[in-house]
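# Dropping the sequence and predicted coords here.
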Amino acid sequence: MPSNRRSGAPDKAFATGGDGQAAHWEQMNTVLPLLNDTGLPPGSPGPDRLPDSAREGLATTPFGLYVHVPFCATRCGYCDFNTYTSDELGPGANRSEYAGTAIAELELAARTLGPDLPTVSTVFVGGGTPTLLPADDLVAVLAGVRELFPVAPGVEVTTEANPETVSPASLSRLREGGFTRVSLGMQSAAPHVLAALDRRHTPGRAVEAAHEARAAGFEHVNLDLIYGTPGESDADWAASLDAVLASPVDHVSAYALIVEEGTRLARRVRRGELPMPDDDVLADRYEQADATLRTAGFEWYEVSNWATSDAARCRHNELYWANANWWGVGPGAHSHVGGLRWWNVKHPAAYADRLALGQSPAQDAELLDEIDRALEAVMLGLRLRDGLPLTALTDTGRSRAAGAVADGLLDAAAHAAGRAVLTDRGRLLADAVVRDLTD
């Protein structure tokens, strides 16, 4: 069973205010070999290339679109997402033409998935910093979605935003153009913590932007927090939570800082300039966030996400956690349709070049078998408030689940009712519990 040592907080899997699909698949991808017996050669999930198995039920199951905007004004020291500053772009890629390039991939998606197109229930524009593009460009991409795909009534349309890149005018334009939800990367309310993370906004700007979003008519607003930054004190974290509660948001995501190899933060830690985040401190921060948010009327529905109501949940991320179908548009974006997964070339110039030539921007692909899909369903489902049915586990997994109940990691009442649901303590050891139930 997982160690009884109080160790850390849930790992970063999805952040609705700083999320990108690369972060998800670094955590959740099972690194399967590429399979070439599906009619899908490497790099070519283009028209007429989807195997029949991936098309089954496509038109009648929930479907999402993710649009990756890979541009940032500066690179944050902790970030390893597929993003580029203007100095890193090089020739062949620029912001001014990106909306048209993204629409070209949407056209490819419609050709590939047709003729019986799935109905789009969620759209999520992430990055990078989507709001470095003019609001009109983001609205144009959304208009492309509506022109090419059937769209469900009440579709959820989210954009991520850095607080310093939005204004009352830009938020109003996004809302008028059909966006329904905005996710703001607050990270912290402490100036020195923001400085350590290389964030550019002032401490009060995120909350101010949340008020502006509400005034613009956004029904759903998220603030994204990071805890465990070197130099962050208990008082700093409490102040960040207090600032969130003073805002008009209905959703909060909070993730432990991860020191990713290859980042500026990792180099500073390696040189001894900054300490590694302490596991026990991370656990304390998580418990403090959960208690504070619950008292204020927020309930957790995924290990690192809280909402004031079911309507306030991020439905797009729920598609990911349910291992549903989505198409990822943009450099480095990942897609998943019927157990078939592929991912695009990373650099914006290479991405644009392929689409300009009428080629798919996909780099590689893999087809998951039933065992792999069942494994991922456990890995994702156990992080949810409702957990998953015990029947989703193997015989060994069900036996170990009984042990996890005895260790206080799975809820006894839920287990008796046939489900595996994490306890509060189990959430602190979520990854270890998943490993134990799936090994």
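Structure's in. What do you need?

# other SSEs contacting the helix or strand hosting His68?
Following DSSP states H and E, one finds His68 within strand 63-69. Here strand 63-69 touches helix 98-113, strand 120-127, helix 315-321, strand 325-329, going by 3 or more C-beta pairs under 8 Å, 6 or more residues apart in numbering; DSSP states H and E. (Glycine included, C-beta is placed from N, CA and C.)

# Run the chain-centre distance for the helix or strand containing Val141.
Element membership of Val141, judged by DSSP H and E, is helix 135-148. Between the centre of helix 135-148 and the centre of its chain there are 21 Å (C-alpha atoms, centre = their mean, to the nearest Å).

# Likewise for stretch 418-429?
21 Å.

# Identify the residues contacting that stretch?
2-3, 6-10, 283, 286-287, 290, 300, 303, 382-383, 385-393, 401, 404, 408-411, 414-415, 430, 433, 437 (C-beta atoms under 8 Å, 6 or more residues apart in numbering).

# Compute the first-to-last residue distance for it.
Start and end residues of stretch 418-429 are separated by 21 Å (C-alpha to C-alpha, to the nearest Å).

# Return the set of buried residues in that stretch.
The neighbour-count criterion (16 or more other C-beta atoms under 10 Å) identifies Arg419, Ala420, Val421, Leu422, Thr423, Arg425, Gly426, Arg427, Leu428, Leu429 as the buried residues of stretch 418-429.

# State the pair within the residues you listed that is farthest apart.
Arg419 and Leu428 (19.6 Å; C-beta to C-beta).

# Touching, Val434 and Leu380? I think so.
No. With contact defined as C-beta atoms under 8 Å, Val434 does not count as touching Leu380 (9.2 Å).

# Quick one: the strands in the stretch 301-439 of the chain, in order.
Secondary structure of the stretch 301-439 of the chain (DSSP state E, counting those that start in this stretch): strands at 305-307, 325-329, 334-337, 340-344, 362-367, 388-389, 419-420.

# Out of the ones you listed, which is closest to Asp87?
Of all these, strand 340-344 comes closest under C-beta to C-beta, at 22.3 Å.

# any idea of the angle the closest one forms with strand 325-329?
Angle of strand 340-344 versus strand 325-329, following axes from the mean of the first three to the mean of the last three C-alpha atoms, to 10 degrees, is 10 degrees.

# quick one: low-confidence ranges for the stretch 51-200 of the chain?
Along the stretch 51-200 of the chain, the model assigns pLDDT under 70 to residues 77, 92.

# Repeat the analysis, applying 90 as the threshold.
51-57, 59-61, 71-95, 114-115, 195-200 (pLDDT under 90).

# Break this protein into its domains for me.
Domain assignment for the chain by automatic domain parsing gives 21-368, 371-438.

# quick check: mean pLDDT across the shortest one?
Confidence for domain 371-438, expressed as mean pLDDT, is 95.

# Isn't Arg173 up against Leu133?
No. When contacts are counted by C-beta under 8 Å, Arg173 is not listed as touching Leu133 (11.6 Å).

# okay, the two: which has more neighbours?
Just comparing Arg173 and Leu133: by other C-beta atoms under 10 Å the higher neighbour count belongs to Leu133, 24 against 17.

# chain center to stretch 280-288, what's the gap?
22 Å.

# got the buried residues for that stretch?
In stretch 280-288, counting by 16+ other C-beta under 10 Å, buried: Val281, Leu282, Ala283, Asp284, Arg285, Tyr286, Glu287, Gln288.

# Ala110 contacts Phe149, doesn't it?
Yes. Ala110 lies in contact with Phe149 (C-beta under 8 Å); the separation is 6.3 Å.

# Now do the shared contacts for the two.
Joint contacts of Ala110 and Phe149 (C-beta under 8 Å, 6+ apart) are Leu117.

# Of the two, which one has the most company?
Set Ala110 next to Phe149 and count neighbours by other C-beta under 10 Å: Phe149 wins out with 22 against 18.

# Find the nearest non-adjacent residue to the more buried one, please.
Computed as C-beta to C-beta, 6 or more residues apart in numbering, the closest residue to Phe149 that is not its neighbour in sequence is Val120, at 4.8 Å.

# contacting residues for the one you found?
With C-beta under 8 Å, 6+ apart, Val120 has these contacts: Phe63, Gly64, Leu65, Val145, Phe149, Pro150, Val151, Ala152, Val155.

# Select from these the one having the most neighbours.
Going by other C-beta under 10 Å, Leu65 tops these with 28 neighbours.

# Leaving out sequence neighbours, find the closest residue to it.
In space, Leu65 is closest to Val123, 4.9 Å off (C-beta to C-beta, 6+ apart).

# from memory that neighbour sits against Ala152, does it?
No. In this structure, Val123 is not within contact of Ala152 by C-beta under 8 Å, at 10.4 Å.

# Any figure for the gap between Phe71 and Gly64?
22 Å (C-beta to C-beta, to the nearest Å).

# try Gly408
35 Å.

# likewise Asp279?
Taking C-beta to C-beta, one finds Asp279 at 34 Å from Gly64.

# tell me, how many neighbours does the residue nearest to Pro230 when sequence neighbours are not counted end up with?
In this structure, Pro230 finds its nearest non-sequential neighbour in Leu274, 4.0 Å apart by C-beta to C-beta, 6+ apart. Other residues lying near Leu274 total 18 when counted by other C-beta under 10 Å.
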